[in-house]
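Novice: Sequence and predicted structure, then a few things I'm wondering about:
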Amino acid sequence: MILAGGVGRLEELVHERADANYRFFAAEADRIARLCHRMAERFARGGRLVAFGWTPAARSDVRHVAVEFVHPVIVGKRALPAIGLSREGGSLAAQVALVAEPDDIALGFGEKDDAEVADAIRVAAERGCLTVAFAPLGAASEFRPPSRDPFIRQELVETLYHVLWELVHVFFEHRGLLQGREGRASRDVGASRFLYPFLGEHEHDLEAVVADVRASVLLKSAETGALRTDTLIGNQAQLLGAAAALRRVFDAGGQLLALGNGGSATDAMDAVADFRDPPGGWPARRALDLTEDAAILTALANDIGTDALFARQIIAYGRPGDVVLAFSTSGDSRNVVEALAEARRRGLMSVALVGYGGGRILADRLADHVLVTRSEHIPRIQEAQAGAFHALRELIEGGSPGAP
């Protein structure tokens, strides 16, 4: 079964994403580069990133940006302090009032008219934080993706905060450009120079370094656009087949079980948010996030081991007619492999989004539908996978989510 109009709509999705990606980063590259410098100064003074958001989809971005800064996955990058706040803790403004300090960077995830996020940004600004948002919410720096499609906007925002995370480190290589707590040049220096082909020896030349970073912003965004296109086009048959199979599961009353580790865990969160709380008047679909319950995850990790994190939950929750949606940038994550093997034993249908060459998941045919993003750079893989699962979500319903 192939969904009616699926091929044509997939081609439209590719074009819409490529166009929005190009326009957004061409317009914003200089502001992004300068924001990297301002963020680096805050970090050099002991500041932290404080991310917050209210909606289920925004929560996934909050968790994603926090884990990227705290747990860097690229050799040579340092861990930077980041805190994520969402609705679990109550009012965002109240949480920010308790947490925020003057040298912090406040990153608000929300659409326009999101009063919770706007109030939190106001409180952060009063505390002296550098405030950043992705909609008109009163932040000092606001980046507004040029699309009415909420999925595309979220994908552009993900690429933006990945680029901020990657390129803020450039300025640590130029300690003469950073001021520490006492207003003097920071002596902190990192070991990631080899990652930046444009980086020159401009120790005290801010504009030259900003130009290098601006060029890297454009290069990274172009890589993302090309990889997202390749992922959608190269996996056309898998996307259409998975969308049709998932539609049958939902129409028959089945549920989706989503899982992944680290940044891929936040992709699972986002996917479940898009099924449970969909945009554009789509019907809510039954979905369970297997990364959500910290008590279950820590109990399993402590008592059995991390390999069983998801397989045990599939044993507990999985029923005939359900489907597993797995995210793995490598295709080799042990607990994801074990989960898919358990799903296969129990007769559950499965869809996997993987990077690199597909890893064991592709080689051993552990999932019924495997979508491969052929890259070895984790941030780019995750950005392309976001486009793929958003496209999958849309193809299931057979129409655009439109404006929120």
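Specialist: That came in fine, so what should we check first?
Novice: Quick one: end-to-end length of stretch 124-144, please.
Specialist: Across its full length, stretch 124-144 reaches 20 Å between end residues, using CA to CA, to the nearest Å.
Novice: could you pull out the strands for this structure?
Specialist: Listed in chain order, the strands found in the chain under DSSP state E are 49-53, 82-85, 105-109, 130-133, 141-142, 256-259, 287-289, 323-328, 349-354, 369-372.
Novice: would a markdown table of those strands with mean neighbour count, distance to A341 and mean pLDDT be doable?
Specialist: The C-beta positions use only the backbone N, C-alpha and C, and glycine is treated the same way. Supplementary listing: the strands of the chain in a markdown table, determined by neighbours: other CB atoms under 10 Å; distance: least, CB to CB, whole Å; pLDDT from 0 to 100:
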| stretch | mean neighbour count | distance to A341 | mean pLDDT |
| --- | --- | --- | --- |
| strand 49-53 | 27 | 34 | 98 |
| strand 82-85 | 22 | 31 | 98 |
| strand 105-109 | 29 | 35 | 98 |
| strand 130-133 | 25 | 42 | 98 |
| strand 141-142 | 16 | 46 | 98 |
| strand 256-259 | 27 | 13 | 98 |
| strand 287-289 | 20 | 19 | 98 |
| strand 323-328 | 28 | 11 | 98 |
| strand 349-354 | 27 | 10 | 98 |
| strand 369-372 | 24 | 14 | 98 |
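Novice: Switch these over to JSON lines; also include distance to L206.
Specialist: As requested, the strands of the chain are arranged in JSON lines below (distance: least, CB to CB, whole Å):
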{"stretch": "strand 49-53", "distance to L206": "22"}
{"stretch": "strand 82-85", "distance to L206": "25"}
{"stretch": "strand 105-109", "distance to L206": "19"}
{"stretch": "strand 130-133", "distance to L206": "17"}
{"stretch": "strand 141-142", "distance to L206": "17"}
{"stretch": "strand 256-259", "distance to L206": "44"}
{"stretch": "strand 287-289", "distance to L206": "43"}
{"stretch": "strand 323-328", "distance to L206": "39"}
{"stretch": "strand 349-354", "distance to L206": "40"}
{"stretch": "strand 369-372", "distance to L206": "41"}
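Novice: Figure out which of those strands is closest to A20.
Specialist: Ranking the strands of the chain by distance to A20, with CB to CB as the measure, places strand 141-142 first at 17.0 Å.
Novice: and that closest one, what other elements does it pack with?
Specialist: The elements that strand 141-142 packs onto, with contact taken as 3 or more CB pairs under 8 Å, 6 or more residues apart in numbering; DSSP states H and E, are strand 130-133.
Novice: Adjacent strands (with direction) for the strand it packs on?
Specialist: Strand 130-133 sits in its sheet next to strand 105-109 (parallel), strand 141-142 (parallel), going by DSSP bridges.
Novice: okay, the angle between the longest one and strand 49-53?
Specialist: Angle of strand 105-109 versus strand 49-53, following axes from the mean of the first three to the mean of the last three CA atoms, to 10 degrees, is 20 degrees.
Novice: List the residues that contact the nearest residue to R87 once chain neighbours are set aside.
Specialist: Take R87 and drop its neighbours on the chain: the residue closest to it by CB to CB, 6 or more residues apart in numbering is W54, 5.5 Å away. For W54, the contacting residues are 86-87, 92, 110, 114, 116-117, taking CB atoms under 8 Å, 6 or more residues apart in numbering as the criterion.
Novice: Quick check: which ranges of the protein have low pLDDT?
Specialist: 1-5, 74-76, 175-176, 179-204, 399-404 (pLDDT under 70).
Novice: Now do the contacts for the closest residue to E292 other than its chain neighbours.
Specialist: Here the nearest residue to E292 in space, its sequence neighbours aside, is M269; by CB to CB, 6+ apart that works out to 7.2 Å. Taking CB under 8 Å, 6+ apart as the criterion, M269 is in contact with 56, 59-60, 63, 258, 289, 291-292.
Novice: R214 too?
Specialist: For R214, the residues meeting the contact criterion (CB under 8 Å, 6+ apart) are 29-30, 32-33.
Novice: Distance from the chain centre to stretch 218-234, please.
Specialist: Taking CA atoms, centre = their mean, to the nearest Å, one finds the center of stretch 218-234 at 15 Å from the center of the full chain.
Novice: And for the closest residue to V372 other than its chain neighbours, the neighbour number?
Specialist: Excluding its sequence neighbours, the residue lying closest to V372 (CB to CB, 6+ apart) is G358, at 4.6 Å. Look at G358: counted by other CB atoms under 10 Å, it has 21 neighbours.
Novice: Verify the stated contact: G358 with V370.
Specialist: Yes - counting by CB atoms under 8 Å, a contact exists between G358 and V370, whose distance comes to 6.2 Å.
Novice: What is the neighbour count of P283?
Specialist: Quick note: P283 (other CB under 10 Å) scores 8 neighbours.
Novice: Can we start the residue count at 138 from this point?
Specialist: Will do, 138 is the new start, and the previous item becomes P420.
Novice: Name the nearest residue to it, ignoring sequence neighbours.
Specialist: By the measure of CB to CB, 6+ apart, the closest residue to P420 outside its immediate chain neighbours is E534, 7.8 Å from it.
Novice: The one you found: neighbour count?
Specialist: E534 is surrounded by 18 other residues when neighbours are defined as other CB under 10 Å.
Novice: so it touches G418, yeah?
Specialist: No - applying CB under 8 Å, one finds E534 not in contact with G418, separated by 9.5 Å.
Novice: Could you pull up the residues touching the closest residue in space to R351 that isn't next to it in sequence?
Specialist: Sequence neighbours aside, A170 is the residue nearest to R351 in space, at 4.2 Å (criterion: CB to CB, 6+ apart). Residues counted as contacts of A170 (CB under 8 Å, 6+ apart) are 304, 347-348, 350-351, 354.
Novice: Among the residues you listed, which ones are in helices?
Specialist: In helices, defined here by DSSP state H, the members of the contacts of A170 are 304, 347-348, 350-351, 354.
Novice: picking up where we left off before, the residue nearest to E429 and R171: what is the separation?
Specialist: In this structure, M406 lies at 31 Å from R171, with CB to CB, to the nearest Å as the measure.
Novice: now D349
Specialist: Using CB to CB, one obtains 12 Å as the distance from D349 to R171.
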